[in-house]
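Peer 1: model this:
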Amino acid sequence: MILGIWLAERGWIPDFLLRIAVKSISKARIKNSNGFSEKLSVLNSLKDGPIAESTPSANKQHYEVPPAFFEKVLGSKLKYSCSLFNNNQKSLNDAETEMLETYIERAEIRSKQEILDLGCGWGSFSLYAAQKFSNCNFTAVSNSDEQINFIKSKIQELGLTNLLALKQDINQLNLNKKFDRIVSIEMFEHMRNYKNLLQRLSNLMTDDGLLFVHIFCHRQSAYFYEIKNQWDWMTKYFFTGGIMPSKDIFEFFDEDLTVAESWEINGKHYSKTSKSWLKNIDKNSKIVKQILNQHYDEKNIWFNRWRIFFLTCEEFFKINNGKEWFVSHYLFEKKI
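Peer 2: Numbering: from 1, shown residues only. Next up, the predicted model:
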């Protein structure tokens, strides 16, 4: 196994063999799951400790990688999360827009609202929505310098006056205002105390405010990404401190907020998204290698690691026809 990883990181194992390995490991994960006992342990852990752990690792692995890399790999909206390939869409750019429009609809974004984009990434949602709703005020929050600086540059470039980008740590979130809507896209997978986080978000919401959350999840299991052996390559390089939520995970944390509506998006959409990222990294391989070699100490290794990551996600999310791991959307309201 160690030799196989070493060879793969140097680009010496063909993609078709990597895909076979990913499918095998994913199916083994399903077969060897400890079921509800593992899930119960995770649920209990999500009620204690800091809201987020390993945030420096998450930044190092993803969010402090230069924006130039993501501009060559993602779509035009720089959406670093699942896109929506409805109506046989083949363009990643169109799929990004389709998902952003879905957020607006499901989060019930309306005129003259105060809106928080929490864990905003490269600003795909807040930059898109701020242009569409000029009479709303948007606040985009990330703990990444690279992301906030990038968003600030886009605000200036686009001449936006209704979007504020702030660097804050979720553990010390201090915004001093109430929001009509809070939108969180693929952030909860990095959190470790759901109980306190949802309580904090409830306190940031107006009485009739709503929280919209997009997560990837498993249909029934919940588990932490932990480095236990040489098989945990994904955890080591891309998801240290992360969690795979179960679809029903928020049912166990309803003290302050309750799920009013929920939606399921088949994993094939994330598979197609990841396939597009893989295609883009290969298409722009020369410049991407230069960007990554300037950022990482291990030269010429990280290009292949990112390729393996995208390929893994492509295969992972289409297991069992996209019904094993997939994306869920939730709309929360304050509990009365």
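
Peer 1: Pick out the residue nearest the middle of the protein.
Peer 2: Per Cα atoms, centre = their mean, the C-alpha nearest to the average position across the chain is that of residue 186, at 3.1 Å.

Peer 1: residue contacts, that one?
Peer 2: Counting by Cβ atoms under 8 Å, 6 or more residues apart in numbering, residue 186 touches 80-82, 119, 121, 214-216. Backbone N, C-alpha and C define where each C-beta goes, glycine included.

Peer 1: now swap in residue 325 and tell me
Peer 2: Going by Cβ under 8 Å, 6+ apart, the list of residues near residue 325 reads 216-219, 244, 267, 270, 316-317, 319.

Peer 1: In terms of pLDDT, where does it sit?
Peer 2: According to the prediction, residue 325 has pLDDT 97.

Peer 1: just the one 10 residues further on next, same as before
Peer 2: With respect to pLDDT, residue 335 scores 89.

Peer 1: what's near enough to touch the residue nearest to it when sequence neighbours are not counted?
Peer 2: Counting by Cβ to Cβ, 6 or more residues apart in numbering, residue 335 lies nearest to residue 258, which is 4.9 Å off, once chain neighbours are set aside. Contact analysis of residue 258 by Cβ under 8 Å, 6+ apart lists 332-335.

Peer 1: swap in residue 99?
Peer 2: Per Cβ under 8 Å, 6+ apart, neighbours of residue 99: 79, 81-84.

Peer 1: Just the element for residue 95, please.
Peer 2: helix 92-106 (DSSP states H and E).

Peer 1: Could you point out the helix or strand that follows that helix?
Peer 2: That would be, after helix 92-106 and using DSSP H and E, strand 114-118.

Peer 1: which helices and strands does that next one pack with?
Peer 2: Here strand 114-118 touches helix 124-132, strand 137-142, strand 179-185, going by 3 or more Cβ pairs under 8 Å, 6 or more residues apart in numbering; DSSP states H and E.

Peer 1: can we see that at 10 Å?
Peer 2: Judged by 3 or more Cβ pairs under 10 Å, 6 or more residues apart in numbering; DSSP states H and E, strand 114-118 is in contact with helix 124-132, strand 137-142, strand 163-167, strand 179-185, helix 194-204, strand 205-218.

Peer 1: Those: which one's closest to residue 152?
Peer 2: strand 163-167 (5.1 Å; Cβ to Cβ).

Peer 1: Now do the buried residues in the closest one.
Peer 2: 163-166 (16 or more other Cβ atoms under 10 Å).

Peer 1: repeat for stretch 11-18
Peer 2: Buried residues in stretch 11-18, defined by neighbour count with 16+ other Cβ under 10 Å: 13, 18.

Peer 1: Repeat that for stretch 269-285.
Peer 2: 269-278, 280-281.

Peer 1: Please state the offset of that stretch from the chain centre?
Peer 2: Its chain's average C-alpha position is 16 Å from that of stretch 269-285, according to Cα atoms, centre = their mean, to the nearest Å.

Peer 1: In PDB, could you pull the C-alpha coordinates for that stretch?
Peer 2: Provided in PDB are the C-alpha atoms of stretch 269-285 (Å, rounded to 0.1, in the frame of the first residue of the first chain):
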ATOM      1  CA  HIS A 269     -23.500  15.900  -9.300                       C
ATOM      2  CA  TYR A 270     -20.400  16.000  -7.000                       C
ATOM      3  CA  SER A 271     -18.900  13.300  -9.100                       C
ATOM      4  CA  LYS A 272     -19.400  15.400 -12.300                       C
ATOM      5  CA  THR A 273     -18.100  18.500 -10.400                       C
ATOM      6  CA  SER A 274     -14.900  16.700  -9.400                       C
ATOM      7  CA  LYS A 275     -14.500  15.200 -12.900                       C
ATOM      8  CA  SER A 276     -14.600  18.800 -14.300                       C
ATOM      9  CA  TRP A 277     -11.900  19.900 -11.800                       C
ATOM     10  CA  LEU A 278      -9.700  16.900 -12.800                       C
ATOM     11  CA  LYS A 279     -10.200  17.800 -16.500                       C
ATOM     12  CA  ASN A 280      -9.200  21.500 -15.800                       C
ATOM     13  CA  ILE A 281      -6.100  20.600 -13.800                       C
ATOM     14  CA  ASP A 282      -4.900  18.400 -16.600                       C
ATOM     15  CA  LYS A 283      -5.700  21.000 -19.200                       C
ATOM     16  CA  ASN A 284      -3.800  23.600 -17.300                       C
ATOM     17  CA  SER A 285      -1.100  21.300 -16.000                       C
END
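
Peer 1: mind starting the numbering at 754 from now?
Peer 2: With 754 as the first residue, the last one maps to stretch 1022-1038.

Peer 1: average model confidence for that stretch?
Peer 2: pLDDT averaged over stretch 1022-1038 gives 98.

Peer 1: now do stretch 912-920
Peer 2: Stretch 912-920 comes out at a mean pLDDT of 98.

Peer 1: where do the helices sit along the chain?
Peer 2: 755-762, 768-784, 789-798, 808-811, 820-826, 845-859, 877-885, 898-911, 947-957, 986-991, 1021-1036, 1038-1048, 1055-1069 (DSSP state H).

Peer 1: Let's have those in TSV, adding distance to residue 980.
Peer 2: Converted to TSV, the helices of the chain look like this (distance: least, Cβ to Cβ, whole Å):
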stretch	distance to residue 980
helix 755-762	13
helix 768-784	15
helix 789-798	16
helix 808-811	11
helix 820-826	24
helix 845-859	31
helix 877-885	30
helix 898-911	25
helix 947-957	22
helix 986-991	5
helix 1021-1036	22
helix 1038-1048	22
helix 1055-1069	15
